[in-house]
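> Kindly return the folded structure for what I paste below:
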Amino acid sequence: MKLLDVLVPTYVQMLKALSAWLDKAEAQTPEGKAVALLSSRLAPDMLPLSTQIRFACVQAQEGVSRLQGRSFPPSIDFLLNEGRNAAEHPGSIADARARIAETVALVQAAASNALEVDPGTPIAHALPIGMVFDLTAEQYARDWALPQFYFHVMTTYAILRAEGIDLGKADYVGHMFAFLRPGTMPAQ
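Residues are numbered from 1 along each chain as shown. Prediction:
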């Protein structure tokens, strides 16, 4: 199995779930309170909801690009800059959903390209703070790309829950209902 065969469906299903959470948040947020919601944080030293969403998109775009041995698309710099400034300019829920939709489209388009680096290919993953991790493509996918993506997705979920948005486990694993054996759904 190719690395992108794991990452792409994971990115797509979780980004679509994230977009659905935002639909629920928008429906449950009083008029004029969306900016406050997008500025919410779990802790004072954590990034706000609006940044978590953008950084989840960055992780998906970066992971696919890196595993195809391609340069990052310009959208990554745009998302990073927007995310870094999201505390002052959180944007709207519609903006956040647009970033997610753009990322899903980019990830799906990349998946249609058969190009993928060998799992043993060395990857030097440099962080903006100067740290560099030397990994293989397989280690990068397993130990960085997926965990970092899920960190931002789960932080988004946690912020929404902490702000009183009615989300539950079914919202997180909604993609699994396609595999539900008929007749096994518990009665309500």
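> List the residues that contact H175.
By C-beta atoms under 8 Å, 6 or more residues apart in numbering, the residues touching H175 are 13, 16-17. Where you see a C-beta, it was placed from the backbone N, CA and C, and this is true even at glycine.
> one more time with 10 Å
Shown in contact with H175 (C-beta atoms under 10 Å, 6 or more residues apart in numbering): 9-10, 12-14, 16-17.
> if I look at the residue most central in space within the chain, how far off is K16?
The centroid of the chain falls nearest to A56 when counting by C-alpha atoms, centre = their mean (2.8 Å). A56 sits at a distance of 12 Å from K16 (criterion: C-beta to C-beta, to the nearest Å).
> and what of D118?
Counting by C-beta to C-beta, the gap from D118 to K16 is 30 Å.
> now the strands for this protein?
122-126, 132-136 (DSSP state E).
> possible to save those as JSON lines with mean neighbour count?
Compiled in JSON lines, these are given as follows (neighbours: other C-beta atoms under 10 Å):
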{"stretch": "strand 122-126", "mean neighbour count": "13"}
{"stretch": "strand 132-136", "mean neighbour count": "13"}
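> Same list (the ones you listed) but as a markdown table, adding distance to A158 and mean pLDDT.
A markdown table is the format used below for the strands of the chain (distance: least, C-beta to C-beta, whole Å; pLDDT from 0 to 100):
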| stretch | distance to A158 | mean pLDDT |
| --- | --- | --- |
| strand 122-126 | 25 | 92 |
| strand 132-136 | 26 | 96 |
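> Relative to P90, which of the ones you listed is closest?
strand 122-126 (28.0 Å; C-beta to C-beta).
> Quick one: list the elements packing against the closest one.
On a contact count with 3 or more C-beta pairs under 10 Å, 6 or more residues apart in numbering; DSSP states H and E, strand 122-126 meets helix 49-67, strand 132-136, helix 137-139.
> The longest one to strand 122-126, inter-axis angle?
I take that to be helix 49-67. 150 degrees (axes from the mean of the first three to the mean of the last three C-alpha atoms, to 10 degrees).
> Just the pLDDT at the residue nearest to the residue nearest to the centre of the chain when sequence neighbours are not counted, thanks.
Among residues not flanking A56 along the chain, H152 sits closest, at 3.8 Å (C-beta to C-beta, 6 or more residues apart in numbering). Turning to H152, the model gives it a pLDDT of 97.
> what is V132 paired to in the beta sheet?
A126 (DSSP bridges).
> oh, and call the first residue 58 from now on, that's how I've got it
OK, 58 is where the count begins now, so the last one is V189.
> Looking at D175 and K73, which is more packed in?
K73 (15 against 10; other C-beta atoms under 10 Å).
> elements contacting the longest helix along the chain?
If you go by DSSP state H, the chain has its longest helix at helix 60-85. Helix 60-85 is packed against helix 91-95, helix 106-124, helix 150-168, helix 203-219, helix 226-229, with contacts defined by 3+ C-beta pairs under 10 Å, 6+ apart.
> now, of these, which is deepest in the fold?
When the helices and strands packed on helix 60-85 are scored by mean count of other C-beta atoms under 10 Å, the highest mean neighbour count falls to helix 106-124 (a mean of 26).
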